[in-house]
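Asks: Build me a model from this:
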Amino acid sequence: MNDAVWVIIPAGGQGVRARSPVPKQLQEIGGKTVLERTVSRLARVSGVTGIVVALPAPPSDPDTQTLMEQVKRRLHAVSDSGVQLVFVPGGNTRQESVYNALRAVPDGTRWVAVHDASRPFCTGALFERVREAARKHGAAICAVTPPDTVKSIRIEADESWVQATLERDSLASVQTPQVFAAEVLRLAHEAARRDGVMGTDDSQLVERLGHEVAVVEGERSNLKLTHPEDLALAKVLLGEEPAGGIPAVGLGFDVHRLVPRRKCVIGGVDIPFEKGLLGHSDADVLCHAVMDAVLGALGKNDIGQWFPDDDPRYEGVSSIGLMTDMWNALKSDAKILNVDAVVIAESPKIMPHSQQMRANIAGALRCEVGRVSIKATTAERLGTIGRGEGIAAFCVVTVRRLKEGPG
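Replies: Reported below is the predicted structural model:
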């Protein structure tokens, strides 16, 4: 046996209370998912040898499935730091996920820590406090005294009544990490499975064995991201979301003629087609609509004034590149909240390329792919678009303006 620690991160939940189609641990804060932040932070803690992550069941939603695969690839960078990383299937409950992960911890491991996937702000100092207490006592948790008055209540006929006011000094709001002697934690989980007991945390299962659990002081900044407002607060703490700011909406529209012997570039994607869009740049009609919508939301005129069509510097240039340059100049003014675009074309087909278009636009605007929506429709063979003579795009962009007034 050695004194190294393996960390279990149960990340198999769907985050129902966060009211999001994407599990909360896969939502992005500060350019990284919650899970990535949690894993990378723990991988930097001295003495951590390996991390076992229990992942959710493969999602049916293709966007979430793609995101999960991307997150797994990015997490493998943790292995480059010398920390072993293992993925296991999560269970139907948090307890089952911990049990599955515990079985993957190597034999001979002396200490095992369990840490919530949705607590990305755990500090190394907190981890060390809990680990030191576990070394002395075999099991330790961290907790904070509730800041609010706590009452027990009784519920009668759908109404709630105060039953008693509890003494806060004897109460604790329990956090993670929790650190245990590996054999103690294994025995606790095996006993719980045998007895059909479901606990709310791992220390409760250890308590059932009659094993005392030490408590050390936690950190109020060690937030558990459970509800939508928790995720919003986390983004503010990381500087991703402004604490204030003014919401604003912009509308963009563009249309270009289809002609022979031109590449068909839409949303930064080269689409195989016998015709392309005519324009001074690459005539990317979708990008132009998005850019005009962003500029409109910020009161910054239109793309014609930013990138004139009589300037030779922009002849044939990539519109995704222009969007990137534009946003680099504006990103201190605003935060992108949502991009909703519609492409109108009889042909070529747009939707087979929409995922790459979303990724391209999100990259240029430095926002999550989930904030970008691209839809497509036809003109039902009416007018110039319906006759296949051109392609048009509409876009609505919502931003949070960090500076008041137009620039």
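Asks: What is the burial count for the nearest residue to Gly30 once chain neighbours are set aside?
Replies: Distances taken as C-beta to C-beta, 6 or more residues apart in numbering place Leu238 nearest to Gly30, at 3.7 Å, with adjacent residues excluded. Using the backbone N, CA and C atoms, a C-beta is placed for each residue, glycine as well. When counting by other C-beta atoms under 10 Å, one arrives at 15 neighbours for Leu238.
Asks: Tell me the spacing between Leu238 and Pro120.
Replies: In this view, Leu238 and Pro120 are 9 Å apart by C-beta to C-beta, to the nearest Å.
Asks: now Ala297
Replies: 30 Å.
Asks: What segments of this structure are helices?
Replies: Along the chain, counting by DSSP state H, helices occupy 34-43, 62-75, 94-102, 124-137, 182-195, 202-208, 228-237, 285-297, 303-306, 319-330, 354-364, 383-386.
Asks: what packs against the fifth one?
Replies: If contacts are counted by 3 or more C-beta pairs under 8 Å, 6 or more residues apart in numbering; DSSP states H and E, helix 182-195 sits against helix 94-102, strand 111-114, helix 202-208.
Asks: quick one: which of those is nearest Ala181?
Replies: strand 111-114 (6.6 Å; C-beta to C-beta).
Asks: quick one: contacts for Ala188?
Replies: Contacts for Ala188 were tallied using C-beta atoms under 8 Å, 6 or more residues apart in numbering; they are Phe180, Asp202, Leu205, Val206, Arg208, Leu209, His211.
Asks: gap between the closest residue to it other than its chain neighbours and Thr165?
Replies: Leaving out its chain neighbours, the residue that sits closest to Ala188 by C-beta to C-beta, 6+ apart is Leu205, at 4.0 Å. For Leu205, the distance to Thr165 equals 30 Å [C-beta to C-beta].
Asks: Can you list the low-confidence ranges for the chain?
Replies: Applying pLDDT under 70 to the chain picks out residues 1-2, 13-22, 59-60, 79-80, 239-245, 403-407.
Asks: For the longest strand anywhere in it, give me every contacting residue.
Replies: The longest strand of the chain (DSSP state E) is strand 246-260. With contact meaning C-beta under 8 Å, 6+ apart, strand 246-260 is reached by 264, 274-279, 283, 285-286, 288-298, 334, 337, 385, 388-401, 404.
Asks: still on that earlier bit, could you export the helices of the chain as CSV, including distance to Gln175?
Replies: Conversion of the helices of the chain to CSV gives the following (distance: least, C-beta to C-beta, whole Å):
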stretch, distance to Gln175
helix 34-43, 13
helix 62-75, 23
helix 94-102, 14
helix 124-137, 8
helix 182-195, 17
helix 202-208, 11
helix 228-237, 14
helix 285-297, 40
helix 303-306, 49
helix 319-330, 38
helix 354-364, 33
helix 383-386, 57
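Asks: Highest mean neighbour count out of these?
Replies: Most buried of those by mean neighbour count (mean count of other C-beta atoms under 10 Å) is helix 285-297; its value is a mean of 27.
Asks: Which strands and helices lie in contact with it?
Replies: strand 246-260, helix 303-306, helix 319-330, strand 334-344, helix 354-364, strand 390-401.
Asks: nearest to Glu96, of these?
Replies: Closest of those to Glu96 is helix 354-364, at 32.6 Å (criterion: C-beta to C-beta).
Asks: Give me the angle between that closest one and helix 319-330.
Replies: Orientation check (axes from the mean of the first three to the mean of the last three C-alpha atoms, to 10 degrees): helix 354-364 against helix 319-330 gives 30 degrees.
Asks: Relative to Ala234, how far out is the residue lying closest to Asn338 once chain neighbours are set aside?
Replies: Distances taken as C-beta to C-beta, 6+ apart place Thr398 nearest to Asn338, at 4.4 Å, with adjacent residues excluded. Using C-beta to C-beta, we find Thr398 at a distance of 21 Å from Ala234.
Asks: How about the contacts made by Ala140?
Replies: Neighbouring residues of Ala140 by C-beta under 8 Å, 6+ apart: Val130, Arg131, Glu132, Ala133, Ala134, Gln178, Val179, Phe180, Val213, Ala214, Val215, Val216.
Asks: quick one: contacts for the closest residue in space to it that isn't next to it in sequence?
Replies: Spatial nearest neighbour of Ala140, chain neighbours left out: Ala133 (3.5 Å); criterion: C-beta to C-beta, 6+ apart. By C-beta under 8 Å, 6+ apart, the contact list for Ala133 reads Ala140, Val179, Ala214, Val215, Val216.
Asks: are any of the residues you listed buried, and which?
Replies: For the contacts of Ala133, a neighbour count by 16 or more other C-beta atoms under 10 Å gives the buried set as Ala140, Val179, Ala214, Val216.
Asks: quick one: which of the residues you listed is nearest Gln25?
Replies: Val179 (21.1 Å).
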